[in-house]
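Enquirer: When you get a sec, could you give me coordinates for this:
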Amino acid sequence: MDGTERCVRIKSARNRGGGVRNATYEHLTGTVDEAVSLTLAYESEEPTNATATPEIHDVVVRHVGVTGTKEGQGYLDCVGLEDSVITGLVFEDVTVDGDLTQNCAYCEGVAIGATPQPCFNPR
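Expert: Numbering: from 1, shown residues only. All right, here's what the predicted structure looks like:
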């Protein structure tokens, strides 16, 4: 994955609805701007109704080794919503070098052999 922006990316926003569940990313290596980006706040939108609130659940990132090169974005951006927490994340055997910036809000998961430890809240 050399030269791509992100190794793992899932993005959505309010008013789009739907969701991503049971996704697995594995055996990925290379040099990227940012290792993992999961966001439900891609665009600023006010809440409309429950059916227009997106969800991300049960995403596994396994056997990944990348170098994050973009300063201020390198490792992890995981941003859910107050009423739609990103849950069920599993980072297993994930190693990120380079820029190690992390940003997590409303994001929960477990890490098994991840270096460095991701900023999401344990579930």
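Enquirer: For the rest of this, base every contact and every neighbour count on C-alpha atoms.
Expert: OK.
Enquirer: ok now do Gly109, which residues does it touch?
Expert: Shown in contact with Gly109 (CA atoms under 8 Å, 6 or more residues apart in numbering): Thr87, Gly88, Leu89, Val90, Phe91, Phe120, Asn121, Pro122, Arg123.
Enquirer: repeat for Tyr42
Expert: Lys11, Ser12, Ala13.
Enquirer: How about the residue lying closest to the first one once chain neighbours are set aside: which residues does it bridge to?
Expert: Okay, so that is Lys11. Nearest residue to Lys11, sequence neighbours excluded (CA to CA, 6 or more residues apart in numbering): Thr39, at 4.8 Å. Beta bridges link Thr39 to Lys11, Val79 when assigned by DSSP bridges.
Enquirer: ok, so what distance separates Val75 from Glu92?
Expert: Quick fix: residue 75 is Tyr, not Val. Per CA to CA, to the nearest Å, Tyr75 is found 15 Å from Glu92.
Enquirer: Then Glu82?
Expert: Look at Glu82 and Glu92: by CA to CA, they are 26 Å apart.
Enquirer: And those two? Which one has more around it.
Expert: Glu92 (18 against 10; other CA atoms under 10 Å).
Enquirer: Wait, the more buried one touches Gly65, no?
Expert: No: contact criterion CA atoms under 8 Å: Glu92 and Gly65 do not qualify, at 10.8 Å.
Enquirer: For this protein, give me the ranges with low pLDDT.
Expert: Applying pLDDT under 70 to the chain picks out residues 43-51, 123.
Enquirer: Go ahead and flag the most central residue of it.
Expert: Leu38 (3.1 Å; CA atoms, centre = their mean).
Enquirer: just the strands in this protein please.
Expert: Using DSSP state E, the strands of the chain run over residues 4-11, 19-39, 55-68, 76-79, 86-98, 102-105, 107-112, 121-122.
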